[in-house]
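Asker: Structure, please.
(one chain, ligands or ions: 1)
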Amino acid sequence: MSTYSVESIRNFSIIAHVDHGKSTLADRLLEITGTIAKTDCNKQVLDKLQVERERGITVKAQSASLFYSHEGVNYLLNLIDTPGHVDFSYEVSRSLSACQGVILVVDANEGIQAQTVANFYLAFEAQLAIIPVINKQYVVFKIDLKNADPERVEKQIEKLFDIPVDECIRISAKQGTNVERVLQKVIEKIPPPQFNTTDPLKALVFDSTFDHYRGVIANIALFGGEIQKGHKIVSAHTKKRYEVNEVGILTPNEQPMHKLYAGQVGYLIAGMKEVTEAQIGDTLFMHKQPVEPLPGFKSAKPMVFAGMYPVDHSEYNNLKSALERLTLNDSSVSVHRDSSPALGAGWRLGFLGLLHMEVFNQRLEQEYNMSVILTAPTVPYKAVLSSAKLIKEYGKEEITVINPAQFPDKLSVSEYMEPTVLGTIVTPHKYIGKIIALCQDRRAVQKDMLYIDEHRVMLKYLFPLNEIVLDFYDALKSLSSGYASFDYEDAGYQAADLIKMDILLNGNPVEELATIIHNDKAYATGKFLCERLKDAIPRQLFEIAIQAAIGKKIIARETLKAYRKNVVAKCYGGDITRRMKLLKRQAEGKKLMRKIGNVEVPKDAFIHVLKRQSDK
Ligand SMILES: Nc1nc2c(ncn2[C@@H]2O[C@H](COP(=O)(O)OP(=O)(O)OP(=O)(O)O)[C@@H](O)[C@H]2O)c(=O)[nH]1
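Answerer: Modelled structure (predicted):
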């Protein structure tokens, strides 16, 4: 950009429900503005991570600066593509802090879904300009997807969000139809940022990534002043001083610039090496010109915790450094050191949901070549202690329990509490009966029910978090043939009758599967886990007793019969290389096993075992 004028800047995010077409719209915007060449290969260009491409979802918000000329004026448009899944809504709220407006994409076929509602309210509460866009819709031929019904979706938007029907723009992101109109609307409707270059530097760190060679790359939004190479800056959070090595914009790859100005969004490299140095939500200011720090962000609140241990203990230090680096790229993961008698030294990690946990695990494997053991996920329970000894030990009466191994005994507790969430379900009305039954089975209490139009209903339920965290979404999808959607927000704690259940293999506890559950569900869960484990464990040379226990009391049992798998039997002792190959393959298979007593369990069995069968 040759000349700078804050009047010609627009900062906006694209928000939507999962799969409604955010990343595809971002591709078209990048093409129209000449940011990337127009080819058939541009598919979700901003989804850079391998895990994003494989799963076809966005997990990390990505920024891109676009240059666009309209009516003789050159504009700088800073676009942030955000994830749609509920586990990553923290990324959305952070991204919005760097924006003055949003494009709210709604699929013309599916209409308003649970995350559409959640994301709309994030933008609305942040007082951002909102541009509703109906996607998957040709304008000329009326129909892109067969069941597209833009009129119906426009009416839903008017009813739920109070946005007049004629403000919606109908597009096909895939075909590029009418997408230019969206850009024009961005310029007309989203206000330029109201910041001055003459003010002292005030830069918000709204995201950060870690580069193996260059250290921390901080994504910043300038709320005042300007910044360039050589400037001495200070972090409001750590009070540490840095010299700026490089500033620039993302197009979408890093493009160094001489300067960044108030109102712009870009990146900064300033020799930050430690994970803790690039705190998201931090304010950077010029050395000797301190400013009032920006409010920052509420820290991400982990919803599920699980233990993580290296498969092979010699890998402990490598895993430690991989974790440090990956958590810098994903600061919503909380990490506490932990250890267990069975698994040795490891960590207890907090995630925003199960998908987040799976994605993090996949990234460790793909980006850092690390293979780990994860224990059964648990939600953060609370216990009000009655034992004077324990109160003294913890230094407080109320403790949070994120590890079943530390679950205090009933005798030393006056009350247990479990976390709850307010869930929003949007569904075609024909599935309502089955969904209500599912919610009741999950101990949920109905709070609201609203018809969005004659075919669709929005239900609100208060759920115990542990009832939805593992597999509620899968269950909901399967009983509504994929049509119902779900989103939730934190709703505090409620008293609950909780117990700790252990799983034993030939009398040895399987630490990975110890869980805290509601008393009412103990027998059913115990029976189910034993049955599932029986399927997950390969037969071995001896009989295996699989038991569920509460304290010393066994509440369920399955028996796995002995079996001898002789892998080399087929080789007739003849071909020695073939025989060696088979033995090697068997040895490699064993590496992925975890030994409990003398029983070998595939290490990935633990999470699969926990998903409930009853919901199929
Ligand atoms: N028919 C049709 N399909 C579209 C259109 N826009 C996007 N899609 C398809 O919808 C699917 C989801 O698109 P994405 O752009 O990945 O959706 P997203 O909202 O970014 O998804 P998440 O990042 O996972 O939340 C892809 O298969 C796209 O090809 C469209 O205009 N018409």
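Asker: ranges for the helices of the stretch 51-200 of the chain?
Answerer: 89-96, 114-125, 150-161, 179-189 (DSSP state H, counting those that start in this stretch).
Asker: List the buried residues for the third one?
Answerer: Of the residues in helix 150-161, P150, R152, V153, E154, K155, Q156, I157, E158, L160, F161 count as buried by neighbour count, 16 or more other C-beta atoms under 10 Å. (C-beta placed from N, C-alpha, C; glycine too.)
Asker: again with the shortest one
Answerer: Of all the residues in helix 89-96, those buried under the rule 16+ other C-beta under 10 Å are S89, Y90, E91, V92, S93, R94, S95, L96.
Asker: That helix and the ligand, are they touching?
Answerer: No. If you take C-beta under 6 Å from any ligand atom as the test, helix 89-96 misses the ligand, and the best it gets is 10.1 Å.
Asker: That helix - contacts with which helices or strands?
Answerer: strand 9-16, helix 114-125, strand 202-211 (3 or more C-beta pairs under 8 Å, 6 or more residues apart in numbering; DSSP states H and E).
Asker: How confident was the prediction at the residue of the stretch 451-600 of the chain found nearest the ligand?
Answerer: Residue nearest to the ligand within the stretch 451-600 of the chain: S485 (11.7 Å; C-beta to the nearest ligand atom). As predicted, S485 sits at a pLDDT of 90.
Asker: Look at it and say how many residues are nearby.
Answerer: 25 (other C-beta atoms under 10 Å).
Asker: Would you mind giving both backbone torsions of K259?
Answerer: phi -150, psi 160 (degrees, to the nearest 10).
Asker: Kindly report the same for K500.
Answerer: According to degrees, to the nearest 10, K500 has phi -100, psi 130.
Asker: can you pull the contacts of H313?
Answerer: G344, A345 (C-beta atoms under 8 Å, 6 or more residues apart in numbering).
Asker: Can you give me the separation between it and A278?
Answerer: Distance of H313 to A278, computed by C-beta to C-beta, to the nearest Å: 31 Å.
Asker: secondary structure element for C530?
Answerer: helix 522-536 (DSSP states H and E).
Asker: ok, now E393?
Answerer: Assigned by DSSP H and E, E393 falls in helix 388-394.
Asker: Using CSV, write out the CA atom coordinates for the helix or strand following that helix.
Answerer: Next helix or strand after helix 388-394 toward the C-terminus (DSSP H and E): strand 398-401. Extracted in CSV, the C-alpha atoms of strand 398-401 (Å, rounded to 0.1, in the frame of the first residue of the first chain):
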residue,chain,number,x,y,z
GLU,A,398,-13.7,-26.1,47.8
ILE,A,399,-11.4,-27.9,45.4
THR,A,400,-11.6,-28.6,41.6
VAL,A,401,-10.9,-32.2,40.7
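Asker: Strand 398-401 pairs with which strands?
Answerer: According to DSSP bridges, strand 398-401 forms sheet pairs with strand 381-385 (antiparallel).
Asker: what's the strand it pairs with in contact with?
Answerer: 391, 394, 397-402, 407-408, 412-419, 493, 496, 498, 516.
Asker: again, only this time at 10 Å
Answerer: Here strand 381-385 makes contact (C-beta atoms under 10 Å, 6 or more residues apart in numbering) with 305, 390-394, 396-402, 404, 406-410, 412-419, 465-466, 493, 495-496, 498, 516.
Asker: Which of the buried residues of helix 89-96 sits closest to V601?
Answerer: Among the buried residues of helix 89-96, Y90 lies closest to V601 (C-beta to C-beta), at 33.6 Å.
Asker: Wait, the closest one touches K301, no?
Answerer: Yes. The criterion here is C-beta atoms under 10 Å, and Y90 meets it with K301 at 8.4 Å.
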